[in-house]
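S.K.: Okay, sequence plus prediction incoming.
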Amino acid sequence: MKNLLKSSTLIIVVLLLNSYKNDLPNSDLPNMDLHVHLNYEAQSLGNAAAVAYEKASARSKEMGVTFGIAEEFGTDNVRINDSLLLDRIALAKKNSLYLALQVSRRDWPNLFSKKTLNQVDYILADAMIFPNKDGKIIRIWVPNMPLGEPQEFMDLYVAHSLKVLAEPITIWANPTYLPDILISKYDELWTDARMKSLIDAAVKNKVAIEINSWFKLPDAKFIKMAKASGAHFTFGTNTHGTGAGDITWSINMAKECGLTKEDFFIPKRILLTK
Ligand SMILES: [Zn+2]
């Protein structure tokens, strides 16, 4: 009985692993999650990072999905930021992962040396922190932020997004995200004009648009409009730990919108295959 239990447990585990692996829809689109966060003490230079990168690498191989790790360093000290980033670049190279810097401070180009910034695979930014009309900094994913009147909020949000899209970034993450209390008004608030202004900015500045599996954003209308304008795309989960690499929603959305692999941004560095 014990053995039977053991072997049936093993079979279930194997079945689960296999079904997990085969979960991704079939396509020739890039199986890449370029927006993965790791759960570890990010500011440390110790062993925690090395272990986290090894685990991420193992999961990436198991899933057959290439991972890009997004790190968010940004103290006021250039030397500290540089040393953390260089350490992670080395870990990413060793573990067949891409390494991205995710930036949320608008003075980010001054927080690292040029030489170090040039070594990351790409730079990721969303537009989810900015001052409201009273000058108070709002983090729009945090509940109960003073957003103000919805149309006014949207105008400020679009203006801020345009600023971010004009920066030397590679990927616009979490595009068209709306705070919980406004989600039901997505179609009304994301007017064609607002969508078009952001898409045009992304195309002009060669910023790829993330198709985000976690938030299930942006919607098909936005993606089709962006493709028609010549935009490029990436897949991302923006997950911290579990869920990394599960880009099922993004792949299905891309297929629905008729995207092909030529529509995607692929980091230049060739990853080691171990
Ligand atoms: Zn992120």
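M.R.: It's in. Source: prediction; values computed, not measured.
S.K.: low-confidence ranges in the stretch 51-200 of the chain?
M.R.: Applying pLDDT under 70 to the stretch 51-200 of the chain flags no residue at all.
S.K.: Tell me which stretches of it form helices.
M.R.: Remark: helices of the stretch 51-200 of the chain, listed N- to C-terminal, are 78-94, 114-117, 150-165, 186-189, 192-204; assignment by DSSP state H, counting those that start in this stretch.
S.K.: Can you lay out those as a markdown table showing mean neighbour count?
M.R.: For glycine as for every other residue, the C-beta is placed from the backbone atoms N, C-alpha and C. Below are the helices of the stretch 51-200 of the chain laid out as a markdown table (neighbours: other Cβ atoms under 10 Å):
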| stretch | mean neighbour count |
| --- | --- |
| helix 78-94 | 17 |
| helix 114-117 | 12 |
| helix 150-165 | 18 |
| helix 186-189 | 14 |
| helix 192-204 | 17 |
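S.K.: Same list, those, but as CSV with distance to residue 134 please.
M.R.: Supplementary listing: the helices of the stretch 51-200 of the chain in CSV, determined by distance: least, Cβ to Cβ, whole Å:
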stretch, distance to residue 134
helix 78-94, 31
helix 114-117, 34
helix 150-165, 11
helix 186-189, 20
helix 192-204, 22
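S.K.: dump the residue contacts of the residue positioned nearest the centre of the chain.
M.R.: Compute the mean C-alpha point of the chain, and by Cα atoms, centre = their mean the closest residue is residue 35, 3.0 Å away. With contact set as Cβ atoms under 8 Å, 6 or more residues apart in numbering, residue 35 has these partners: 68, 70, 100, 102, 124, 171, 173, 210, 212, 234, 236-238.
S.K.: May I ask which two of these are separated the most?
M.R.: The distance between the two most remote of the contacts of residue 35 (Cβ to Cβ) is 14.3 Å, for 100 and 212.
S.K.: mind listing what the closest residue to residue 186 other than its chain neighbours touches?
M.R.: Counting by Cβ to Cβ, 6 or more residues apart in numbering, residue 186 lies nearest to residue 178, which is 5.9 Å off, once chain neighbours are set aside. Under the criterion of Cβ under 8 Å, 6+ apart, the contact partners of residue 178 comprise 140, 185-186, 189-190.
S.K.: 10 Å instead?
M.R.: For residue 178, the contacting residues are 140-141, 147, 150, 153-154, 157, 184-186, 189-190, 215, 217, by Cβ atoms under 10 Å, 6 or more residues apart in numbering.
S.K.: List phi and psi for residue 107.
M.R.: Per-residue torsions, residue 107: phi -90, psi 20 (degrees, to the nearest 10).
S.K.: Kindly report the same for residue 37.
M.R.: Summarising the backbone geometry of residue 37 under the convention degrees, to the nearest 10, its torsions are phi -110, psi 150.
S.K.: can you count the residues close to it?
M.R.: By other Cβ atoms under 10 Å, 18 other residues sit near residue 37.
S.K.: wait, what's in contact with the nearest residue to it once chain neighbours are set aside?
M.R.: On the basis of Cβ to Cβ, 6+ apart, the spatially nearest residue to residue 37 that is not a chain neighbour turns out to be residue 240, at 4.4 Å. Contact partners of residue 240, counting by Cβ under 10 Å, 6+ apart, are 36-39, 214.
S.K.: Good, wrapping up.
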